[in-house]
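Engineer: can't give you the sequence, but here's the structure:
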């Protein structure tokens with residue numbers, strides 16, 4: 001089995017971790033969820049994603065299912081590499097827990113998923129064999145996303161992100177073109193709205 005770190009590309013256009021730039025597309029809507037790095041986190045991330053994307057106009061069932069799967073893999077990886085300290089208990093009885101941040105942004109032609117964790121090591125893709133029980137996460141992300149990469153935000157840790165192309169998914173089941181208002185301003189998710197980046201640029205907006 002071989003492995004290697006993915007080349008560092010930097011934040012995606014429209015990242016929740018960047019200042020909005022003139023002329024750049026703005027998300028129709030955005031959502032953010034903070035999670036403890038615990039084994040239950042992938043479940044809650046999927047549940048949040050399901051609720052958020054179900055309220056979106058222009059996001060098909062297939063696109064939402066793909067996003068859920070990607071989010072589950074990204075959060076699972078984040079828990080795997082940052083959650084060890086979250087398994088320990090201090091003498092006071094309080095959990096010493098690392099935090100994970102999930103950002104979902106709905107643009108006119110794509111979904112941008114970003115997961116931040118406190119681990120500063122780059123994600124490493126392993127060429128898992130057919131019968132391997134682990135090592136498939138990034139292979140799956142690579143197969144399902146239009147593009148994915150990672151970057152190191154100013155506040156520390158890393159952000160791994162994935163883009164999903166959305167337009168072609170409207171043709172599921174032999175359907176025609178996407179509904180017109182899916183690509184109009186305000187035609188995005190019905191909850192949360194498009195969020196603004198914080199002035200210090202160190203925390204994700206949305």
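Structural biologist: Yes, it's here. From a predicted model like this one, the values you see are computed outputs, not experimental measurements.
Engineer: Show me the helices in this protein, by range?
Structural biologist: Per DSSP state H, the chain carries helices over the ranges 41-54, 61-82, 137-144.
Engineer: most packed of those helices?
Structural biologist: Mean neighbours per residue, mean count of other C-beta atoms under 10 Å, is largest over those for helix 61-82, with a mean of 20. The C-beta positions use only the backbone N, C-alpha and C, and glycine is treated the same way.
Engineer: and that helix, what does it pack onto?
Structural biologist: With contacts taken as 3 or more C-beta pairs under 8 Å, 6 or more residues apart in numbering; DSSP states H and E, helix 61-82 sits against helix 41-54, strand 99-106, strand 110-117, helix 137-144, strand 158-165.
Engineer: ok, 10 Å please
Structural biologist: strand 29-36, helix 41-54, strand 99-106, strand 110-117, helix 137-144, strand 158-165 (3 or more C-beta pairs under 10 Å, 6 or more residues apart in numbering; DSSP states H and E).
Engineer: can I assume residue 117 is in contact with residue 155?
Structural biologist: No. Assessed by C-beta atoms under 10 Å, residue 117 is found out of contact with residue 155, at 11.9 Å.
Engineer: Of the two, which one has the most company?
Structural biologist: residue 117 (25 against 13; other C-beta atoms under 10 Å).
Engineer: Any idea what that one is bridged to?
Structural biologist: Per DSSP bridges, the residues bridged to residue 117 are residue 158.
Engineer: okay, it: pLDDT?
Structural biologist: The model reports residue 117 with a pLDDT of 96.
Engineer: Touching, residue 13 and residue 149? I think so.
Structural biologist: No. Residue 13 lies out of contact with residue 149 (C-beta under 10 Å); the separation is 12.0 Å.
Engineer: what residues do those two have in common as contacts?
Structural biologist: Common contacts of residue 13 and residue 149 (C-beta atoms under 10 Å, 6 or more residues apart in numbering): residue 163.
Engineer: So which of those two has more stuff around it?
Structural biologist: Remark: of residue 13 and residue 149, residue 149 carries more neighbours, 19 against 13, as counted by other C-beta under 10 Å.
Engineer: these two touch, right, residue 26 and residue 105?
Structural biologist: Yes. At 9.3 Å, residue 26 counts as touching residue 105 under the criterion of C-beta under 10 Å.
Engineer: Pick out whichever of those two has more residues nearby.
Structural biologist: Using other C-beta under 10 Å as the criterion, residue 26 and residue 105 rank with residue 105 on top: 30 against 15.
Engineer: Check the spacing between that one and residue 42 real quick.
Structural biologist: Using C-beta to C-beta, to the nearest Å, we find residue 105 at a distance of 20 Å from residue 42.
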